[in-house]
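Asks: need a structure here:
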Amino acid sequence: MSGFERDTRTERVVATFTGFEADLLRSLASQMVELLRNERAEPAAPAADPFEALMSEFSGATTIPEDPVLARLFPTAYTDDEEAAGDFRRFTEGRLRDGKAAAAGLVIDTLEEGGLPPELTEDGLVIDVELDAPSAETWMRAFTDIRLALATRLGVEADDEHYWHSLPDEDPRAQAHDIYEWVGYLQETLVEALTR
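Replies: Modelled structure (predicted):
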């Protein structure tokens, strides 16, 4: 397993993934897109006010998403002012969702452009990824979202590494936590490659 490195000739960030690793990343990114699109950030009812109707393109839900992952990805902006928090969410969450879905989509597109087939059937497949700085930053944001989603689903907390490492290897929770750590490793190497 290797991470990201800077190519000093092109000043781009590069990584090589096995077919399995690339397919796993695509699956994680696809699940993120699906999650962001399944529970839409839409207003509860049509706007009665003409100005609000005109601004409906920028309007969305005013309440915290029911899914714990979405609630973590879109936290309340004003914890002590419910009305301000609702207004902030209404005008920002839809676009934030679009941005997060686009970041995950770029991961999928880049892997497929690198040669990842729609269905992985070939052993020994290697996928090379080469990112310019803006694309690398988008990948970093996608990694952050994927890690937050995994941490929320698993119930990862600060300083609980001993618990995760005490689980038997065949435990599905341990395997999911290994994926969480792997994505963190990729994110860390990507940050290092960008800052060199």
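Asks: quick one, helices of this protein?
Replies: 19-38, 50-54, 68-73, 82-113, 133-154, 161-166, 172-195 (DSSP state H).
Asks: in terms of mean pLDDT, which of those ranks lowest?
Replies: Sorting these by mean pLDDT places helix 50-54 lowest, at a mean of 61.
Asks: compare the helices of the chain and give me the one nearest Arg9.
Replies: With CB to CB, the closest approach to Arg9 among the helices of the chain belongs to helix 172-195: 13.9 Å. Any C-beta I mention is one placed from the backbone N, CA and C, and that applies to glycine too.
Asks: can you list the residues that contact that closest one?
Replies: Contacting residues not belonging to helix 172-195 are listed as 1, 3-6, 13, 15, 24, 28, 133, 136-137, 139-140, 143-144, 146-147, 150-151, 153-154, 156, 164, 167-169 [CB atoms under 8 Å, 6 or more residues apart in numbering].
Asks: please name the residues that touch Asp7.
Replies: When contacts are counted by CB under 8 Å, 6+ apart, Asp7 touches 13-14, 130.
Asks: and it, how far is that from His165?
Replies: Going from Asp7 to His165 by CB to CB, to the nearest Å gives 34 Å.
Asks: ditto for Asp67
Replies: Taken as CB to CB, the span from Asp67 to His165 is 28 Å.
Asks: how about Glu188?
Replies: Glu188 is 18 Å from His165, where distance means CB to CB.
Asks: repeat for Trp139
Replies: In terms of CB to CB, Trp139 sits 27 Å off from His165.
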